[in-house]
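Engineer: Kindly return the folded structure for what I paste below:
(one chain, ligands or ions: 1)
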Amino acid sequence: MSTIDSVLTETRVFQPPAELVKQANISGMAAYKALYEEAERDFEGFWGRLARETLQWSKPFTKVLDESNAPFYKWFEDGELNVSYNCLDVHLTNGNADKVAIIFESDDGKTTKVTYRELHARVCRFANGIKALGYKKGDRSIIYMPMSIEAVVAMQACARLGITHSVVFGGFSAKSLQERIVDVGASFIITADEQVRGGRTIPLKPAVEEAIAMGGCEAVKKVIVYRRTGGNVPWVEGRDLWMHDVEQGQPDTCEPVQVGAEHPLFVLYTSGSTGKPKGVQHSSGGYLLWAALTMKWTFDIKPTDVYWCTADVGWVTGHTYITYGPLAVGATQIVFEGVPTYPNAGRFWEIIQKHKATIFYTAPTAIRSLIKAAEASPDHHPKKYDLSSLRIIGSVGEPINPEAWVWYYTNVGGERCPIVDTWWQTETGGHMITPLPGVTGLKPGSCTLPLPGIFAAIVDETGADVELGKGGFLVVKRPWPAMIRTIWGDPERFKKSYYPEELGGKYYLAGDGANRDADGYFWIMGRIDDVLNVSGHRLGTMEVESALVAHPLVAEAAVVGRPDDVTGEAVVAFVVLKRARPDDAEAAEIAKELRNWVAKEIGPIAKPKEIRFGDNLPKTRSGKIMRRLLRVVAKGEAITQDVSTLENPAILEQLGKAL
Ligand code: WTA
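Structural biologist: Numbers count the residues shown, from 1 in each chain. Predicted coordinates for the structure are as follows:
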């Protein structure tokens with residue numbers, strides 16, 4: 001929580017432009033307050049009204065919230081609906097049928113557009129094909145695909161049949177993939193031959209093959225492969241099918257399978273404080289309600305908008321703000337296959353200009369890297385592009401530092417676009433604390449105020465409210481429809497992680513530290529647990545440690561985060577080998593080997609930026625590794641803390657010498 005002083009002294013407030021306020025879906029502070037107060041006054045009435053107005057139910061619900069088995073809350077439980085119907089079929093009759101749903105921009109700059117009518121037909125054909133293979137409601141699928149129209153089709157087709165999908169980010173290794181296949185009990189996998197990013201092809205199907213070969217995946221009977229590149233990939237006759245063959249000859253319509261509102265739409269794995277990633281289980285009704293509502297509120301989505309979220313469908317942002325939210329509200333959106341720096345650092349700005357994007361949503365890490373790139377190559381500075389179509393820009397995934405905020409606001413938003421700095425998590429399903437473009441005065445670095453219906457607060461370790469300005473734990477005091485339902489297969493861990501007894505078991509504990517200023521604005525200070533945020537991706541330090549100690553050379557490892565200009569945090573690993581501490585030349589070799597090892601065990605995003613070798617790690621007399629001290633050492637700062645409880649204080653000096 002070290003950045004606290006610098007952000008709390010930031011005093012500038014940027015008011016939303018009057019024209020934007022006038023037309024906004026939530027227009028002005030009074031309108032926001034009225035909604036917030038409605039939720040306070042009549043909590044269930046508020047959510048019930050919105051759920052009826054926003055979604056189409058095949059069977060209306062009679063009860064809004066069931067708290068009888070808290071914290072396993074149930075929303076709209078006796079209601080039935082189909083998520084894919086609400087994202088696609090509804091647009092066939094409301095005037096959106098021939099509206100472009102997705103503008104796909106490939107890595108090499110080709111554009112493909114699909115209308116709602118075409119997307120509906122594709123999803124139906126693919127769903128019919130999956131059904132013909134014998135898959136049905138209650139089954140689980142793994143989706144391991146690149147950014148593509150096909151990934152959206154795959155997710156929507158599963159939703160149409162009541163099949164619970166679990167998307168695995170294409171950057172995860174075969175090992176991570178295998179763990180997720182096993183944990184979720186998938187009976188089929190949808191993947192691609194290869195993905196294309198930054199002018200390079202990266203194999204996906206071979207990783208699936210490797211994952212299955214690791215064992216435990218016997219339930220997987222079919223692997224469906226989207227042919228992206230036509231590259232040569234391993235093939236198992238009888239088990240593997242091309243996606244286009246599965247769709248081939250299938251009818252353009254497919255009866256949506258109606259499911260209960262609580263039916264699990266998806267399970268998405270995310271890092272927690274212990275080694276094993278958690279399968280965050282989301283609902284159908286409550287989740288979709290929030291995906292659609294936050295599109296209207298946070299992004300102020302309008303029929304004429306061209307919306308672009310740069311996230312990958314492998315993360316929650318890609319679920320809620322690509323596959324589900326934008327389609328639920330009938331938006332036109334850009335889906336981008338590539339990376340921000342290919343063929344040059346102007347790629348994002350060029351895409352905005354080319355498709356006249358009006359809403360742009362990205363991560364601080366991308367902004368920070370593009371600031372550097374724009375300084376290095378002025379030709380690709382956002383000022384060189386026509387970004388005048390933009391009206392709202394957003395940020396997600398990690399705190400945005402005020403410097404990056406101001407650059408984004410000035411150079412991308414042209415000082416006229418509000419920045420919606422959206423705080424939320426895989427577990428929350430959608431935005432929780434965020435400015436509203438037609439409401440909120442902005443302070444750089446603050447995610448400002450909670451959305452209507454979200455009772456966010458800051459408490460101390462006993463669960464008591466803290467005074468404004470006194471940081472503490474960020475909690476949400478009342479349930480909300482899009483919240484995590486449980487951890488797949490581990491309800492006890494769900495309770496312990498998010499509704500800990502120490503806080504009275506009643507509040508959702510987000511795992512972030514936060515502060516509120518005199519205006520009640522929230523400032524997120526970063527994780528309070530052993531979770532790092534590297535380039536906006538969550539990474540458990542224990543996960544990286546387990547990967548390191550699995551290497552035959554490694555005896556012990558401790559992993560901490562260190563602030564990084566571009567990636568927010570960087571992974572620093574302290575390693576004790578089973579043999580003597582290596583000399584400098586050897587250390588470089590072994591560090592390289594270990595970094596590649598971690599990439600194989602988890603994925604390239606988890607590679608330590610730096611590895612330091614020691615004879616030992618700093619430990620208390622009871623053998624506990626002092627990560628707190630290692631964080632100081634990793635930053636290259638002098639230790640000012642009391643180290644008298646350490647078994648081996650001298651080790652700090654050894655580890656302090658950078659590689
Ligand atoms: C962090 C991503 C500050 C936070 C949607 C949270 C943020 C974690 C913000 C969730 C923000 C996300 N300001 N911090 N606007 N948005 N975070 O599950 O630490 O990948 O707990 O969800 O990212 O990451 P996750």
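Engineer: what's the neighbour count on R200?
Structural biologist: 11 (other C-beta atoms under 10 Å). Where you see a C-beta, it was placed from the backbone N, CA and C, and this is true even at glycine.
Engineer: what's it sitting at in phi/psi?
Structural biologist: R200 adopts backbone torsions of phi -120, psi 150, taken as degrees, to the nearest 10.
Engineer: Quick one: end-to-end length of stretch 574-587, please.
Structural biologist: 12 Å (C-alpha to C-alpha, to the nearest Å).
Engineer: Would you check how far apart R579 and the ligand are?
Structural biologist: Look at R579 and the ligand: by C-beta to the nearest ligand atom, to the nearest Å, they are 37 Å apart.
Engineer: That should have said N533, apologies.
Structural biologist: 5 Å.
Engineer: Mind checking what secondary structure that residue has?
Structural biologist: Assigned by DSSP: H, G, I helix; E, B strand; the rest coil, the conformation of N533 is strand.
Engineer: so who does the residue nearest to it when sequence neighbours are not counted touch?
Structural biologist: Ranked by C-beta to C-beta, 6 or more residues apart in numbering and with sequence neighbours excluded, the top spatial neighbour of N533 is E398, at 4.7 Å. Applying C-beta atoms under 8 Å, 6 or more residues apart in numbering to E398 gives the contacts A363, P364, T365, N533, G536, G568.
Engineer: quick one: which of those is nearest Y307?
Structural biologist: A363 (16.1 Å; C-beta to C-beta).
Engineer: What is the neighbour count of the closest one?
Structural biologist: 23.
Engineer: Please apply the same query to D107.
Structural biologist: 21.
Engineer: do E647 as well
Structural biologist: 15.
Engineer: Flag the shaky bits of this structure, pLDDT-wise.
Structural biologist: By pLDDT under 70, the weakly predicted segments of the chain are 1-10, 275, 658-659.
Engineer: switch the cut-off to 90
Structural biologist: For the chain, applying pLDDT under 90 flags the ranges 1-12, 272-276, 526, 529-530, 536, 620-628, 637-650, 653, 656-659.
Engineer: The ligand contacts on that one?
Structural biologist: The chain comes close to the ligand at residues 270, 315-317, 395-399, 421-426, 447, 510-512, 524, 527, 533, 538, as judged by C-beta under 6 Å from any ligand atom.
Engineer: mind checking the SS state of T640?
Structural biologist: coil.
Engineer: can you give me the helices in the stretch 401-550 of the chain?
Structural biologist: 402-407, 491-498, 541-549 (DSSP state H, counting those that start in this stretch).
Engineer: Out of the contacts of E398, which comes closest to the ligand?
Structural biologist: N533 (5.4 Å; C-beta to the nearest ligand atom).
Engineer: Provide a list of residues in contact with that closest one.
Structural biologist: By C-beta under 8 Å, 6+ apart, the neighbours of N533 are G397, E398, G526, R527, L539, G561, G568, E569.
Engineer: residues contacting the last one?
Structural biologist: For E569, the contacting residues are L532, N533, V534, G561, R562, P563, taking C-beta under 8 Å, 6+ apart as the criterion.
Engineer: Confirm it sits in a helix?
Structural biologist: No: assignment of E569 by three-state DSSP gives strand, placing it outside any helix.
Engineer: Show me what it bridges to in the sheet.
Structural biologist: P563 (DSSP bridges).
Engineer: if we can go back for a sec, now tabulate the helices of the stretch 401-550 of the chain in TSV and tack on mean neighbour count.
Structural biologist: As requested, these are exported to TSV (neighbours: other C-beta atoms under 10 Å):
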stretch	mean neighbour count
helix 402-407	19
helix 491-498	16
helix 541-549	22
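Engineer: could you redo those helices as CSV and give each row distance to A24?
Structural biologist: Formatted as CSV, those follow (distance: least, C-beta to C-beta, whole Å):
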stretch, distance to A24
helix 402-407, 21
helix 491-498, 33
helix 541-549, 41
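Engineer: what's the closest of those helices to K113?
Structural biologist: helix 402-407 (31.9 Å).
Engineer: Could you name the helices and strands sitting against that closest one?
Structural biologist: helix 364-376 (3 or more C-beta pairs under 8 Å, 6 or more residues apart in numbering; DSSP states H and E).
Engineer: Would you mind listing the buried residues in the helix it packs on?
Structural biologist: P364, T365, A366, I367, R368, S369, L370, I371, A373, A374 (16 or more other C-beta atoms under 10 Å).
Engineer: Tell me where the stretch 101-250 of the chain has helices.
Structural biologist: Using DSSP H, counting those that start in this stretch, helices in the stretch 101-250 of the chain cover 116-132, 149-161, 174-184, 205-213, 243-247.
Engineer: got those as TSV, with mean neighbour count columns?
Structural biologist: Below are the helices of the stretch 101-250 of the chain laid out as TSV (neighbours: other C-beta under 10 Å):
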stretch	mean neighbour count
helix 116-132	22
helix 149-161	26
helix 174-184	22
helix 205-213	20
helix 243-247	18
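Engineer: Any chance of JSON lines for the ones you listed, columns distance to L288?
Structural biologist: Output for the helices of the stretch 101-250 of the chain, formatted as JSON lines (distance: least, C-beta to C-beta, whole Å):
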{"stretch": "helix 116-132", "distance to L288": "15"}
{"stretch": "helix 149-161", "distance to L288": "9"}
{"stretch": "helix 174-184", "distance to L288": "20"}
{"stretch": "helix 205-213", "distance to L288": "29"}
{"stretch": "helix 243-247", "distance to L288": "25"}
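Engineer: What's the local residue count around the nearest residue to H380 once chain neighbours are set aside?
Structural biologist: Leaving aside its chain neighbours, H380 sits nearest to G346 (3.4 Å; criterion: C-beta to C-beta, 6+ apart). Neighbourhood size, G346 [other C-beta under 10 Å]: 21.
Engineer: Repeat that for the one 3 residues further on.
Structural biologist: Each residue near W349 was counted by other C-beta under 10 Å, and the total is 24.
Engineer: What of G79?
Structural biologist: 25.
Engineer: these two touch, right, it and Q56?
Structural biologist: No: using C-beta atoms under 8 Å, G79 makes no contact with Q56, being 10.7 Å away.
Engineer: can you tell me which residues contact the residue nearest to H380?
Structural biologist: By C-beta under 8 Å, 6+ apart, the neighbours of G346 are D379, H380, H381, P382, K384, Y385.
Engineer: Select from those the one having the most neighbours.
Structural biologist: Going by other C-beta under 10 Å, P382 tops the contacts of G346 with 23 neighbours.
Engineer: That one contacts G413, doesn't it?
Structural biologist: No: in this structure, P382 is not within contact of G413 by C-beta under 8 Å, at 9.5 Å.
Engineer: does Q281 sit in a helix or strand, and which one?
Structural biologist: According to DSSP states H and E, Q281 maps onto strand 278-282.
Engineer: Output that strand in CSV with nothing but the alpha carbons.
Structural biologist: The C-alpha atoms that make up strand 278-282 are tabulated as CSV, following Å, rounded to 0.1, in the frame of the first residue of the first chain:
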residue,chain,number,x,y,z
LYS,A,278,-9.8,-21.4,-8.4
GLY,A,279,-12.6,-22.3,-10.7
VAL,A,280,-14.9,-19.3,-10.4
GLN,A,281,-18.4,-20.5,-11.1
HIS,A,282,-20.9,-18.0,-12.6
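Engineer: other SSEs contacting that strand?
Structural biologist: Counting by 3+ C-beta pairs under 8 Å, 6+ apart, the packing neighbours recorded for strand 278-282 are helix 174-184, strand 266-270, strand 486-487.
Engineer: want to throw those into a markdown table with distance to D66?
Structural biologist: Output for the helices and strands packed on strand 278-282, formatted as a markdown table (distance: least, C-beta to C-beta, whole Å):
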| stretch | distance to D66 |
| --- | --- |
| helix 174-184 | 25 |
| strand 266-270 | 21 |
| strand 486-487 | 14 |
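Engineer: Let me know the distance separating the nearest residue to P418 once chain neighbours are set aside from G413.
Structural biologist: Distances taken as C-beta to C-beta, 6+ apart put P437 closest to P418, at 4.3 Å, once the chain neighbours are dropped. As judged by C-beta to C-beta, to the nearest Å, P437 and G413 stand 11 Å apart.
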